[in-house]
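**Q** After the sequence you'll find the predicted model.
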Amino acid sequence: MPANDRPAVSVLGLGMMGTALAAAFLRAGHPVTVWNRSPAKTGPLVAQGALPAETPADAVAASPLIVVCLLANENVEDVFATLSADVAGKTLVNVTNGTPAQARQLAAWAAEHGAQYVDGGIMAVPQMIAGPHAYVLYSGDEQAFAAHQPTLAALGGAKWVGADPGLAALNDLALLTGMYGMVMGVMQAYALVRTEDIAATEFAELLVPWVGAMLTGAPEWAKAIDSGQHLTDVSSLAVNQAAFPNFLAAFRDQGVSTELIDPFQGLLDRAIKEGHAADGLSRIADLLRVDTYENSVRVADA
């Protein structure tokens, strides 16, 4: 398809990710209009063929598809407040990191102003955009998503997660939660071995395959969580509760802060107190629900 036959797209926000998105659309042959609060950031993309917009309204007027990638949803709200009638008939795809509640609020604003709203969660770093491992979670207006999916394909894979606008953000944050949990554990491990002058690069050779092997248990934990059947013959909460003080003692003895993992001891203690000693670690997901915690407090206080 000739480049001038491809649908136009406008990108609002040219941080590292927004710049990567705009560049990917350009490489795919789409006419691209770009806007950024600091106009200087449009320069490299203009050199690649993008058209600069002086205002968000100018960028919105240039294309049927508007991709928004700002620092936070508060910034999105500020920009949207300047648009109002300008967005009527447009599709807004907001890939700014935010919460499910914020996505639902923005979707309601878009509907009020005659626009279609799709929320997105980018599961990639800027350097991965348009590569084989990049994908984006989408939710919201399914008809609008389907209409623009061929254009959005320039960014990488697409995974539709539902008509509720908040579901992309929910899945995005859940996936990032798993990542941050892993990062915290890995950093805690590195901090510990470094107290004995063991090189982190040397320890990584042991750590990476170990973490990978343990992660293979995640599907079984998921089955237990969905079924509510947490009994295990692998590693019970009672066994973990008995062993965990050794971790905390070792960290203190070696001069390593326990602030990242102290809360886990409290969860294990509560699990045993509530009668879950024979359950596996999957029970922790239930204990983390606020309604479950509040109910346990009420029972304890009764």
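**A** Looks like it arrived, so ask away.

**Q** Please count neighbours and contacts with C-alpha atoms only from this point.
**A** Will do.

**Q** where does this protein dip in pLDDT?
**A** By pLDDT under 70, the low-scoring segments of the chain are 1-4, 292-302.

**Q** hmm, try it at 50
**A** When the per-residue scores of the chain are filtered using pLDDT under 50, the ranges that remain are 1-3.

**Q** What ranges does it have for its strands?
**A** Using DSSP state E, the strands of the chain run over 9-12, 32-35, 51-52, 65-68, 91-94, 116-123, 135-140, 157-162.

**Q** Can you give me the neighbour number for the spatially closest residue to Ala158 that is not a sequence neighbour?
**A** What sits nearest to Ala158 in space, not counting adjacent residues and going by Cα to Cα, 6 or more residues apart in numbering, is Val136, at 5.0 Å. The burial count assigned to Val136 is 22, neighbours taken as other Cα atoms under 10 Å.

**Q** Which residues does Val136 form beta bridges with?
**A** The partner list for Val136 in beta bridges (DSSP bridges) reads Ile122, Ala158.

**Q** Isn't it up against Val118?
**A** No. Using Cα atoms under 8 Å as the test, Val136 is too far from Val118 to be in contact (11.6 Å).

**Q** tell me the contacts of the closest residue to Tyr117 other than its chain neighbours?
**A** Nearest non-adjacent residue to Tyr117, counting by Cα to Cα, 6+ apart: Leu92, 4.9 Å away. Shown in contact with Leu92 (Cα atoms under 8 Å, 6 or more residues apart in numbering): Leu65, Ile66, Val67, Val68, Ala110, Ala115, Gln116, Tyr117, Val118.

**Q** Please tabulate those residues in a markdown table, including the columns neighbour count and distance to Gly162.
**A** As requested, those are exported to a markdown table (neighbours: other Cα atoms under 10 Å; distance: Cα to Cα, whole Å):
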| residue | neighbour count | distance to Gly162 |
| --- | --- | --- |
| Leu65 | 24 | 20 |
| Ile66 | 26 | 20 |
| Val67 | 26 | 19 |
| Val68 | 24 | 20 |
| Ala110 | 22 | 18 |
| Ala115 | 22 | 18 |
| Gln116 | 25 | 15 |
| Tyr117 | 27 | 13 |
| Val118 | 28 | 10 |
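
**Q** Mind putting the residues you listed into TSV with distance to Leu175?
**A** Converted to TSV, the contacts of Leu92 look like this (distance: Cα to Cα, whole Å):
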residue	distance to Leu175
Leu65	27
Ile66	25
Val67	22
Val68	21
Ala110	27
Ala115	29
Gln116	26
Tyr117	22
Val118	19
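
**Q** List the contacts of the residue sitting nearest the centre point of the chain.
**A** Most central in the chain under Cα atoms, centre = their mean is Asp172, positioned 2.9 Å from the mean C-alpha point. With contacts taken as Cα under 8 Å, 6+ apart, Asp172 has the following neighbours: Gly121, Ile122, Met123, Leu137.

**Q** ok, now Asn36?
**A** For Asn36, the set of contacting residues under the criterion of Cα under 8 Å, 6+ apart consists of Leu12, Gly13, Leu14, Thr42.

**Q** ok, it to Asn171 distance?
**A** Taken as Cα to Cα, to the nearest Å, the spacing of Asn36 relative to Asn171 amounts to 28 Å.

**Q** What of Thr42?
**A** In terms of Cα to Cα, Thr42 sits 31 Å off from Asn171.

**Q** Which residue of these two possesses the greater neighbour count?
**A** With other Cα under 10 Å as the criterion, Thr42 and Asn171 differ in neighbour count, and Thr42 comes out ahead with 21 against 17.

**Q** which residues does that one contact?
**A** Leu14, Val34, Trp35, Asn36, Pro52.

**Q** Could you tell me which of these count as buried?
**A** Burial by neighbour count, judged by 16 or more other Cα atoms under 10 Å, picks out Leu14, Val34, Trp35, Asn36, Pro52 from those.

**Q** where's the third one relative to Glu77, distance?
**A** Think Trp35. From Trp35 over to Glu77 the distance is 16 Å, taken as Cα to Cα.

**Q** Equivalent analysis for Ala85, please.
**A** As for Ala85, its distance to Glu77 is 15 Å (criterion: Cα to Cα).

**Q** what does Leu176 give?
**A** Using Cα to Cα, one obtains 23 Å as the distance from Leu176 to Glu77.

**Q** Also Ile284?
**A** In this structure, Ile284 lies at 36 Å from Glu77, with Cα to Cα as the measure.
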